[in-house]
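> Sharing a sequence plus its predicted fold:
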Amino acid sequence: MRTALKLMLVVVMGTGLSIGCEKEPAPTPPPAATAPPAAAPAPVAAANPDAAPKPKMVAPTDGLSLADRIAKRQKEEKKLAEELAGQEKERLLKYDKTKLPLHQQVFAAIKKVRESYDKAKSKEDVEKIRTAQQKAIDATGKKMATIDPKGGNSNVVTDYDVMLDALSNGYPDALSVSFGGDKQPLTEVTTELDRRQKKVETWLADVKAAKK
């Protein structure tokens, strides 16, 4: 009886060992070695059959230094600018020559309005003169507009316009202030009127002397 039990125990233990061995997982194989990435091919410049070869730098053969060449170019540019300015002056002279009577009338009216303010002795006088001269200023402005309707053809119409505006506003205002003791605004306006009046006088003399 004992012998039989021992045999059965041996058989059972053997079977258990066999089953346990079958359930043990097989070892995982080592991962395969990864091949290194292939190197990117070197970029190849795209061929451009239309591209022109770059010109070679050629040393100047005029025998001049860099400073001399710069001075020469500046002299040529100045000469060209003077020629263009001369051509423009001739064009303006020819145009204003055809409008000379109108120029003379407008300029005479401007000087007359300005001279009227010389009689002012007080702020009240200035306002009276301003009111009295406003119609003359408006009429002169309309006549001035007929000299160069399109613009860009007369050399002094802009000066007329500035002077008329000053005589209508800035000049009498500055004159009134001067009677209160502040002379600076009047000095500034007078200087500007004198400058433009001198320009017009010189220009009209040139126009009168110019050939048709």
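Yep, it's here.
> Which strands or helices does the helix or strand hosting Ala174 pack on?
Element membership for Ala174 (DSSP states H and E) is helix 171-178. Packing partners of helix 171-178 (3 or more Cβ pairs under 8 Å, 6 or more residues apart in numbering; DSSP states H and E): helix 123-145, helix 184-209. All C-beta spots, glycine's among them, are computed from the backbone N, C-alpha and C.
> What mean pLDDT does it get?
Averaged across helix 171-178, pLDDT comes to 97.
> Give me the contact list for it.
For helix 171-178, the external contacting residues (Cβ atoms under 8 Å, 6 or more residues apart in numbering) are 114, 117, 120, 123, 126-127, 129-130, 185-186, 188-190, 193.
> ok so, going back, figure out which of the helices and strands packed on helix 171-178 is closest to Lys99.
Nearest of the helices and strands packed on helix 171-178 to Lys99, taken as Cβ to Cβ: helix 184-209 at 8.7 Å.
> From the chain's centroid, how far away is the closest one?
Mean-position distance between helix 184-209 and its chain equals 31 Å (Cα atoms, centre = their mean, to the nearest Å).
> What is it packed up against?
Using 3+ Cβ pairs under 8 Å, 6+ apart: helix 184-209 touches helix 66-98, helix 100-116, helix 157-165, helix 171-178.
> and Arg196, how many neighbours?
Under the neighbour criterion other Cβ atoms under 10 Å, Arg196 is assigned a count of 18.
> Touching, it and Met163? I think so.
Yes: contact criterion Cβ atoms under 8 Å: Arg196 and Met163 qualify, at 5.6 Å.
> and the residue lying closest to Arg130 once chain neighbours are set aside, how many neighbours?
Excluding the flanking residues, the one nearest Arg130 by Cβ to Cβ, 6 or more residues apart in numbering is Pro172, at 4.6 Å. Residues lying near Pro172 (other Cβ under 10 Å) number 21.
> Let me know the distance separating Pro172 from Thr158.
21 Å (Cβ to Cβ, to the nearest Å).
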